[in-house]
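Undergrad: sequence first, then the predicted structure, then my questions.
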Amino acid sequence: MVVSWRRPRRKRRQQLVELVDFPRESLGVEIKNWLDVSDASVRAHIGRELLAVANSGGGFLIFGFEEAQDGYSVSLPPPTDLSVYGQDSMNAIVARYGEPRFEVEVEVRRSIR
């Protein structure tokens, strides 16, 4: 998921591919397991995470990984309905919990792991 990124789109996509294949957190990168987006407290938490990434100048919130002893591993199984992580859902979370509001772009990428 890309939030308020200032780099050209091609560089952003290249960085996203690298992060999905070799996940690591940094100031502009948050990595999360699959979450129960139907829960209001979880949506509020996602809103705070998105706001933090946007306030750092933009970056990525990546779902589908769990912390492992040697870094991150893919969380399995993924949800059957990924639409709850879609662009409309994430922008609705920002509209509800984010101030100021900002646009969120969502991409689905699969890890080589």
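TA: Cool, the structure landed. Everything numeric here is computed off the predicted structure, so don't read it as measured data. Numbers count the residues shown, from 1 in each chain.

Undergrad: so which helix or strand of the protein has the lowest pLDDT on average?
TA: The helix or strand of the chain with the poorest confidence is strand 2-3; it has a mean of 38 (mean pLDDT, DSSP states H and E).

Undergrad: helix or strand next in line after that one, which one?
TA: Heading C-terminal from strand 2-3, the first helix or strand you meet, by DSSP states H and E, is helix 9-21.

Undergrad: pLDDT (mean, whole number) over that next one?
TA: Averaged over helix 9-21, pLDDT sits at 85.

Undergrad: how about it, which residues are buried there?
TA: Across helix 9-21, burial judged by 16 or more other CB atoms under 10 Å covers 12, 15-16, 19-20. Where C-beta positions appear, they are placed from N, C-alpha and C, glycine not excepted.

Undergrad: residues in contact with the following helix or strand past it: which ones?
TA: Using DSSP H and E, the helix or strand that follows helix 9-21 in sequence is strand 29-32. If you take CB atoms under 8 Å, 6 or more residues apart in numbering as the criterion, strand 29-32 is touched by 19, 23-25, 46, 49, 52-53, 59-63, 65, 67, 72.

Undergrad: now that we have those residues, which of them are buried?
TA: The buried subset of these (16+ other CB under 10 Å) comprises 19, 23, 25, 46, 49, 53, 59-63, 65, 72.

Undergrad: nearest to residue 103, of those?
TA: Residue 103 lies nearest to residue 53 out of the buried ones among the contacts of strand 29-32, by CB to CB, at 12.8 Å.

Undergrad: thanks a lot, catch you later.
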